[in-house]
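> below are the sequence and a predicted model; questions follow.
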Amino acid sequence: MAPMPTPKATTVDEYLATIPAEKRAALQWLRRRIRDASPGAEECISYGIPAFRLDGKLLVHFGAAARHCAFYAGAVIESYKDELTGYDTSKGTIRFQPDNPPPAALVKKLVRAQIARRRRPARPAAAGRRASRPGPVNAQAFRRMALGLKGVVEGSHMGHPDFRADGRIFASLQADGKRGMVTLTPEQQQAFVQEHSAAFEPAAGAWGRQGCTMVRLDSVDADTLGEALTLARQRAARRPER
């Protein structure tokens with residue numbers, strides 16, 4: 001099997017150069033459709049995979065896994081479920097085979113909807129109340145989000161719940177219910193720690209240096225945790241059997 005993308009890519013072109021030709025062609029096609037739908041957006045690498053950023057905010061991601069390509073269009077996909085019946089979807093993610101990407105018209109709708117969502121002003125607070133922000137998650141939400149990803153089952157390791165895909169642990173909850181753990185690449189870990197230092201920190205010792213990352217549930221919002229869990233799930237699918 002051809003190697004999957006290395007986490008060391010610093011540009012989208014570098015990332016695409018490392019993946020098999022058929023996946024590269026499909027993602028190049030998707031890249032052009034996203035660019036057409038988001039004038040002014042800038043390409044970047046975020047959490048180790050290609051992304052577009054608009055007005056300083058991350059807009060959408062895309063990438064390749066061992067058995068599929070993926071378009072991370074965000075929560076807006078829930079509004080287009082009827083048009084995604086032929087695709088494997090989960091929280092904010094559309095998985096597709098290289099010969100069957102989402103239609104151009106649908107990609108345009110999703111990107112435009114995500115732009116509108118990102119630019120939507122916050123609702124003003126009621127008189128005498130502070131404006132609300134997305135709240136933190138708890139252990140139940142962590143469990144629900146992990147189990148919502150494809151092929152994930154819950155197990156137990158060293159006395160606390162873990163979440164497995166393809167027989168590999170990619171996330172767990174600590175016994176106190178206040179922290180979780182996700183297995184990222186070291187580069188993804190660094191990005192999360194830099195961008196969300198209040199919520200993420202490397203686990204202690206060698207495990208932390210390999211990408212195991214602790215998450216403070218009272219300091220992370222659902223969208224950011226969802227991104228971390230999705231990337232950890234992807235990494236579990238890519239790791240070769242020992």
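All right, it came through fine. All figures in this text were calculated on a predicted structure; none of them were measured in a lab.
> after the helix or strand of the chain with the lowest mean pLDDT, which helix or strand is next?
When the helices and strands of the chain are compared on mean pLDDT, DSSP states H and E, helix 186-195 comes out lowest with a mean of 77. Remark: after helix 186-195, the chain's next helix or strand is strand 200-202, criterion DSSP states H and E.
> check which element follows that following strand along the chain.
For strand 200-202, the following helix or strand on the C-terminal side (DSSP H and E) is helix 205-209.
> Ser156: what's its closest spatial neighbour, skipping adjacent residues?
Asp162 (6.5 Å; CB to CB, 6 or more residues apart in numbering). For glycine as for every other residue, the C-beta is placed from the backbone atoms N, C-alpha and C.
> what packs against the least confident helix or strand of the chain?
Using 3 or more CB pairs under 8 Å, 6 or more residues apart in numbering; DSSP states H and E as the contact criterion, the neighbours of helix 186-195 among helices and strands are strand 200-202, strand 212-216, helix 222-238.
> wait, which of the ones you listed is closest to Trp29?
Closest to Trp29 of these, according to CB to CB: helix 222-238, at 20.5 Å.
> could I get the CA-only coordinates of that closest one as CSV?
As requested, C-alpha coordinates have been extracted for helix 222-238 and formatted as CSV (Å, rounded to 0.1, in the frame of the first residue of the first chain):
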residue,chain,number,x,y,z
ALA,A,222,-17.6,20.8,21.1
ASP,A,223,-16.4,21.9,17.7
THR,A,224,-12.7,21.8,18.7
LEU,A,225,-13.1,18.5,20.5
GLY,A,226,-14.9,17.1,17.5
GLU,A,227,-11.9,18.0,15.3
ALA,A,228,-9.5,16.4,17.7
LEU,A,229,-11.5,13.2,18.0
THR,A,230,-11.9,12.9,14.2
LEU,A,231,-8.2,13.3,13.6
ALA,A,232,-7.4,10.7,16.3
ARG,A,233,-9.9,8.3,14.7
GLN,A,234,-8.2,8.9,11.3
ARG,A,235,-4.8,8.2,12.8
ALA,A,236,-6.0,4.9,14.3
ALA,A,237,-7.2,3.8,10.8
ARG,A,238,-3.9,4.7,9.2
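> buried sites along that helix?
Neighbour counts using 16 or more other CB atoms under 10 Å place 222, 224-238 of helix 222-238 among the buried residues.
> any idea how far it is from the chain center?
Mean C-alpha position of helix 222-238 versus that of the full chain (CA atoms, centre = their mean, to the nearest Å) differs by 5 Å.
> what's the angle between it and strand 212-216?
Regarding helix 222-238 and strand 212-216, their directions subtend 160 degrees when assessed with axes from the mean of the first three to the mean of the last three CA atoms, to 10 degrees.
> how big is the angle separating helix 222-238 from helix 186-195?
Compare the direction of helix 222-238 with that of helix 186-195 by the same axes, to 10 degrees and you get 170 degrees.
> pLDDT at Gly128, what is it?
Residue-level confidence at Gly128 comes out at 44, pLDDT.
> show me the domain layout of this structure.
For the chain, whose domains are defined here by automatic domain parsing, the residue ranges read 12-119, 139-238.
> thought Asp55 was touching Arg119?
Yes - with the criterion set as CB atoms under 8 Å, Asp55 and Arg119 qualify as a contacting pair; they are 7.0 Å apart.
> ok, back up a step: can you flag the weakest of the domains of the chain by average pLDDT?
Within the domains of the chain, confidence is poorest for domain 139-238, with a mean of 88 (mean pLDDT).
> neighbours of Ser79, how many?
Applying the criterion other CB atoms under 10 Å, we find 12 residues in the vicinity of Ser79.
> doesn't Arg112 make contact with it?
No - if you go by CB under 8 Å, Ser79 and Arg112 don't touch, sitting 11.6 Å apart.
> that older thread, roughly how far out does the least confident helix or strand of the chain sit from the chain middle?
With CA atoms, centre = their mean as the basis, helix 186-195 stands 13 Å off its chain's centre.
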